[in-house]
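**Student:** got a structure for you, letters missing:
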Ligand SMILES: N[C@H](CCC[C@H](N)C(=O)O)C(=O)O
């Protein structure tokens with residue numbers, strides 16, 4: 001099976017062109033994702049992403065994304081930029097914008113190309129953020145409300161953790177802190193990811209507000225652990241900060257792998273702009 005290794009700010013996935021590998025969905029994709037993502041025994045990645053023929057004629061492609069643990073997510077912000085690159089550069093479609101079917105609906109991807117005509121940057125309409133607890137989803141037996149509708153508190157090892165919960169294509173929890181260097185990501189990340197307050201687990205982000213238009217973030221992703229960037233996560237951090245009066249609605253989120261520009265526009269749609277890069281191609285023998 002041929003693959004293309006691509007990344008968005010270091011959030012790296014193995015991509016399979018389902019327009020060529022036409023039988024890819026007949027495979028055990030959870031097992032394939034877990035094996036291919038292994039950074040010692042496999043290719044090594046944050047997961048696996050399939051570019052597939054669309055289910056509806058109005059779209060140009062369909063995306064399925066799997067985390068390193070084999071679990072399937074609904075959306076991938078860095079991933080959809082790279083999937084658009086595959087669709088465009090491999091000649092599947094050069095429509096502009098591209099319409100991509102995802103687990104979070106059909107998303108619109110506009111893009112620019114480099115001097116060789118290859119897609120290098122994309123702006124994705126991520127849709128509307130959903131703060132309702134049932135949309136995240138939250139288990140309200142284990143998440144306590146606060147005086148702000150999007151902000152909750154949970155108990156972690158007898159310590160209260162306050163977070164903003166939002167679905168931006170996947171479940172996210174944003175914890176605002178004063179100093180990221182005090183965050184023990186590898187201790188708190190998995191414990192929060194799997195906390196009973198999150199009915200489908202959650203992607204966890206620790207964020208500081210450096211300026212009204214500048215946020216700095218550490219990610220712990222559901223199913224993949226620490227990543228260099230998370231596009232749906234950066235989107236979640238932006239709307240969480242803006243909704244709680246901590247920031248503007250247009251910000252640069254500074255992720256470990258680099259910056260993403262996020263705009264929460266007046267029509268309630270969130271737009272994410274960032275790079276899409278190819279690392280290498282290969283053949284998976286199994
Ligand atoms: N890295 C992805 C998020 C993957 C989400 C996945 N970890 C899940 O929610 O299951 C991004 O750039 O949006």
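**Tutor:** Thanks, I have the structure now. Predicted, not measured: the structure shown is a model, and the values here were computed from it. Numbers count the residues shown, from 1 in each chain.
**Student:** Which residues of this protein lie near the ligand?
**Tutor:** Contact residues (CB under 6 Å from any ligand atom) of the chain with the ligand: 11, 67, 73, 76-79, 170, 203, 221-224, 227, 230-233. To be clear about C-beta, it is placed using only N, CA and C from the backbone, and glycine gets the same treatment.
**Student:** In terms of pLDDT, where does the closest residue in space to residue 68 that isn't next to it in sequence sit?
**Tutor:** Using CB to CB, 6 or more residues apart in numbering and skipping the chain neighbours, the partner closest in space to residue 68 is residue 37 (3.9 Å). The model reports residue 37 with a pLDDT of 98.
**Student:** same thing with residue 286?
**Tutor:** pLDDT at residue 286 comes out at 82.
**Student:** That one: how many residues sit nearby?
**Tutor:** The number of residues packed near residue 286 is 9, by other CB atoms under 10 Å.
**Student:** Equivalent analysis for residue 42, please.
**Tutor:** 18.
**Student:** ok, now which ones touch the closest residue to it other than its chain neighbours?
**Tutor:** Distance criterion CB to CB, 6+ apart; nearest residue to residue 42, sequence neighbours excluded, is residue 36 at 4.7 Å. Listed by CB atoms under 8 Å, 6 or more residues apart in numbering, the contact set of residue 36 reads 3, 14, 42-43, 45, 48, 284.
**Student:** swap the cut-off to 7 Å and go again
**Tutor:** 14, 42-43, 45, 48, 284 (CB atoms under 7 Å, 6 or more residues apart in numbering).
**Student:** hang on, the earlier thing: inside helices: which ones of the residues of the chain next to the ligand?
**Tutor:** 77-79, 231-233 (DSSP state H).
**Student:** which one of the residues you listed has the most neighbours?
**Tutor:** residue 78 (35 neighbours).
**Student:** Alright, calling it a day.
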